[in-house]
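Novice: Okay, predicted coordinates and the sequence, questions at the end:
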Amino acid sequence: MSLPHASGHSSAASASASSPTSAARAFRPPAPVPPEAPRRTVSFVLAAARNPLEIWSRRAFREPVSRADWLGVPTFTINDPALIRHCLVDNARNYAMQPLRQRLLRPILRDGLLTAEGELWRRTRRAMAPVFTPKNILGFAPVMRARTEGFAERLMARDGETVDLSFQMTLLTYDILQATLFSDDIAGEPQAFARSMERTIAQMGRVDPLDILNAPAFLPRLGRLAARGAQEHLRQVIRATAEKRRALLAADPERAPNDFLTLLLKTDGLSEAEIEDNIVTFIGAGHETTARALGWTLYLLSQAPEERAAVEAEVDALLPELPDPATWLDRLPRTRAALEEAMRFYPPAPSLNRTAIAADSFGSTDIPAGSTVLFLPWILHRHETLWEAPDEFRPARFLPENRGRIDRFQYLPFGAGPRVCIGASFALQEGVIALAGLVRRLRFHHAGTRAPYPVQRITIQPRGGLPMRIERRPN
Ligand code: HEM
């Protein structure tokens, strides 16, 4: 059996340059060292179980397209921006969500947007458009800022302590998400709700061996059964919260907060069950991802003092003049560039997986019907033919003056095409507001004995957490 990177072909995508600020001594973020040659079957399976980031050989980071067969299914890994555009945009209808991903997520998210397909997906995406308008997203900025400031104050009181910053960022983004979803108005005990949510999300990242082996759905997955109680509790609370809000909207609409719940209840074309599924989906897709992006950004800045100084100088100079946090995403380019460079290295969603419905062809690449097609930001974002100094932390490549050199389809933290992340502008705004609010008050120093090691679960996480010492900044 041939394994990934058995053959490279297709036209090479164009190289693009970027201009660093301090190229001479740029920091190289930690990553698994790829083996020179593609892995053989046993080594491949072991690496996949341990940490899928370790699967890829050095060739993967050089080839525009590679093909391998896995259990008889042709499997393509695509790093050619033109071909990515073809599959994700121009011929997107030919590429369905991959069955394994559906098997893992659908029992939890049901008919939510992330796992919906076909007509259900089209109807839901259309119904969601009024929820994610720029006006609504900008309207969330003050809550994002207030929650970050409260959180920063609590950490300031812990000056000198070492915390797991990865976990701390999960607490912060969870707080922001539940505030923007429900405005703190949960019909249940908040701690118990948070625990059920944590167990549900942990379940989302767990691949059962029966799933990999394509076993029929009626065979019970034991891990999933164990988390069923938590999921049921999560849904009960969401149902009761929605009921309470419906009553308020009927009795006194002026008093209903303009949060995600109200916006969803006002949509046309979604049933009560579908609204519930989409709330579970927002919880599943919407805060662990942003938490990982924030944690990695703060770690990378801790290792690159010049870059950290540039972000600190920007927020120190500008925040006092920018009372409205809705302007921060556009007005803090260095802060945003650090976040975007961190998502280049550690894309919170490291793989987008599709199945070709019918045979397709583009340039010299022929994709048979039924093939698995992988778009892997982990590889694409470090690809040697696409990035200058791909292993170096150079946030300047994302500054507005350099941004034009990055092809739309070589940087995919939020995906692309009709199924692009619907929460992308929410997440970017939240990321910049949270980062600015934290950097203004705090500095973090890595306190581990070795560099954090990235592992792929559903997001890319630092193995064992991110021990960081808190320093309260003097201002
Ligand atoms: C840094 C944070 C985030 C990252 C990196 C991220 C990444 C992604 C990616 C890559 C996809 C496309 C998956 C694919 O094509 O297979 C996606 C889809 C999605 N995301 Fe996000 N996401 C983030 C935050 C959010 C937030 C905050 C929400 C909701 C509030 C959200 C909700 C969704 C939904 C519902 C979809 C499915 C869209 C569809 O299929 O039409 N995400 N996300």
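Specialist: Structure received.
Novice: ok, residue 88 - contacts?
Specialist: Residues in contact with residue 88, defined by C-beta atoms under 8 Å, 6 or more residues apart in numbering, are 95, 352, 375, 409, 415, 416, 417, 419. (C-beta placed from N, C-alpha, C; glycine too.)
Novice: how many neighbours does residue 404 have?
Specialist: Residue 404 has 8 neighbours, counted by other C-beta atoms under 10 Å.
Novice: Check residue 463 too.
Specialist: 11.
Novice: for the residue nearest to residue 356 when sequence neighbours are not counted, what are its contacts?
Specialist: Of all residues not flanking residue 356 in the chain, residue 371 sits nearest, at 4.6 Å (C-beta to C-beta, 6 or more residues apart in numbering). Contacts for residue 371 were tallied using C-beta under 8 Å, 6+ apart; they are 73, 74, 75, 76, 355, 356.
Novice: circling back: in helices only, show me the contacts of residue 88.
Specialist: Judged by DSSP state H, helices contain none of the contacts of residue 88.
Novice: need those residues in CSV with distance to the ligand and pLDDT, can you?
Specialist: As requested, these are exported to CSV (distance: C-beta to the nearest ligand atom, whole Å; pLDDT from 0 to 100):
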residue, distance to the ligand, pLDDT
95, 9, 97
352, 4, 96
375, 8, 98
409, 13, 98
415, 3, 98
416, 8, 98
417, 7, 98
419, 4, 97
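Novice: now the helices for the stretch 351-475 of the chain?
Specialist: 377-380, 400-403, 424-441 (DSSP state H, counting those that start in this stretch).
Novice: Nearest to the ligand among those would be which one?
Specialist: Closest of the helices of the stretch 351-475 of the chain to the ligand is helix 424-441, at 3.5 Å (criterion: C-beta to the nearest ligand atom).
Novice: Please identify the buried residues of the closest one?
Specialist: 425-441 (16 or more other C-beta atoms under 10 Å).
Novice: I'd like to know which of the contacts of residue 371 are buried.
Specialist: Using 16+ other C-beta under 10 Å, the buried ones in these are 74, 75, 76, 355, 356.
Novice: Around the ligand, pick out the residues from the stretch 301-450 of the chain.
Specialist: Within reach of the ligand by C-beta under 6 Å from any ligand atom, the stretch 301-450 of the chain has these residues: 348, 349, 352, 413, 414, 415, 419, 421, 422, 423, 426, 427.
Novice: just the buried members of the residues you listed?
Specialist: Applying 16+ other C-beta under 10 Å to these flags 348, 349, 352, 413, 414, 419, 421, 422, 423, 426, 427 as buried.
Novice: got those residues as JSON lines, with distance to residue 177 columns?
Specialist: Conversion of those to JSON lines gives the following (distance: C-beta to C-beta, whole Å):
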{"residue": "348", "distance to residue 177": "14"}
{"residue": "349", "distance to residue 177": "16"}
{"residue": "352", "distance to residue 177": "22"}
{"residue": "413", "distance to residue 177": "18"}
{"residue": "414", "distance to residue 177": "17"}
{"residue": "419", "distance to residue 177": "21"}
{"residue": "421", "distance to residue 177": "15"}
{"residue": "422", "distance to residue 177": "14"}
{"residue": "423", "distance to residue 177": "10"}
{"residue": "426", "distance to residue 177": "9"}
{"residue": "427", "distance to residue 177": "10"}
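Novice: Quick check: the two most widely separated of the residues you listed?
Specialist: For those, the maximum inter-member distance is 19.2 Å, found between 352 and 426 (C-beta to C-beta).
Novice: Could you check which residue of this structure lies nearest the ligand?
Specialist: With C-beta to the nearest ligand atom, the shortest gap between the chain and the ligand falls at residue 423, namely 2.3 Å.
Novice: Check what pLDDT that residue gets.
Specialist: Looking at residue 423, its pLDDT reads 98.
Novice: and of the contacts of residue 88, the nearest to residue 141?
Specialist: Minimum distance to residue 141 across the contacts of residue 88 is 23.6 Å, recorded for residue 415 (C-beta to C-beta).
Novice: I'd say the closest one and residue 350 touch.
Specialist: No. Assessed by C-beta atoms under 8 Å, residue 415 is found out of contact with residue 350, at 11.6 Å.
Novice: returning to what we had before: now, the contacts of residue 371 that are in strands?
Specialist: 73, 74, 75, 76, 355, 356 (DSSP state E).
Novice: In CSV, list the residues you listed along with pLDDT and distance to residue 87.
Specialist: Compiled in CSV, the ones in strands among the contacts of residue 371 are given as follows (pLDDT from 0 to 100; distance: C-beta to C-beta, whole Å):
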residue, pLDDT, distance to residue 87
73, 93, 16
74, 96, 14
75, 95, 14
76, 97, 9
355, 97, 11
356, 98, 8
